[in-house]
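Pasting the sequence and the predicted coordinates here, then a few questions.
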Amino acid sequence: MSRIGRKVITIPAGVTVSVNEENLVTVKGPKGTLATNIHKNITVSVEGANVAVARLDDERENRSLHGLSRTLIANMVEGVTKGYSKTLEMIGVGYKAAKSGKTLTLNLGHSHPIIFEEKDGITFEVPNSTTIVVNGIDKQLVGQIAAQIREKRPPEPYLGKGVKYVGEHIRRKAGKTGK
């Protein structure tokens, strides 16, 4: 039995969870609404202020989907109550970020500025010129947008220049040694 799948999800005040006959789970909360389709072999039941996830049998695929489904629903509940954020920092001479309206402009040493638009509930914050905070209610989408920003100039191992997550450790290499 899946240890994560067996845990019930407690629904905080102000959040509603509904499941329709096609296993579409919809979570509404103060920050917005999220919905996802759950596999047909997984049953989701809402009992009062708890959500329980169960599987039909002990087939290998159903066992793997059990914990995944529970985690997806728990992430949606947390997203509509607290939200998610990823913080990136830029290291390098001349690397800077600026936000104007709903547009994030990055100068990362290329011949052109790189532009990201806020969309799908994703917002950007620029506390200073070398820090970017990506906020949103969908955990997967926040991580994906942060990864897209990071891939424009990933950190390199010799000087450590580039865009990295806060708290990420960059393995450094020695480089050439002189005579």
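The structure has been received and is ready for your questions. Owing to the predicted nature of the structure, the values given are computational and were not obtained by experimental measurement. Residues are numbered from 1 along each chain as shown.

Isn't Y165 up against I91?
No: using C-beta atoms under 8 Å, Y165 makes no contact with I91, being 11.8 Å away. Yep, even glycine has a C-beta here, placed from its N, CA and C like the rest.

Dump the helix or strand containing A98 to PDB, keeping only the CA atoms.
Per DSSP states H and E, A98 falls inside strand 96-100. The C-alpha trace of strand 96-100 is given here as PDB (Å, rounded to 0.1, in the frame of the first residue of the first chain):
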ATOM      1  CA  LYS A  96      20.300  42.400 -14.900                       C
ATOM      2  CA  ALA A  97      16.500  42.000 -14.800                       C
ATOM      3  CA  ALA A  98      13.800  44.700 -15.100                       C
ATOM      4  CA  LYS A  99      10.100  44.500 -15.000                       C
ATOM      5  CA  SER A 100       7.800  47.000 -16.700                       C
END
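
Provide the strand pairings for that strand, with the direction of each partner.
Strand 96-100 has its sheet partners listed here by DSSP bridges as strand 103-107 (antiparallel).

what sits against the spatially most central residue of the chain?
In the chain, the C-alpha nearest the mean C-alpha coordinate belongs to K139, at 3.0 Å (C-alpha atoms, centre = their mean). Shown in contact with K139 (C-beta atoms under 8 Å, 6 or more residues apart in numbering): N75, E78, G79, Y84.
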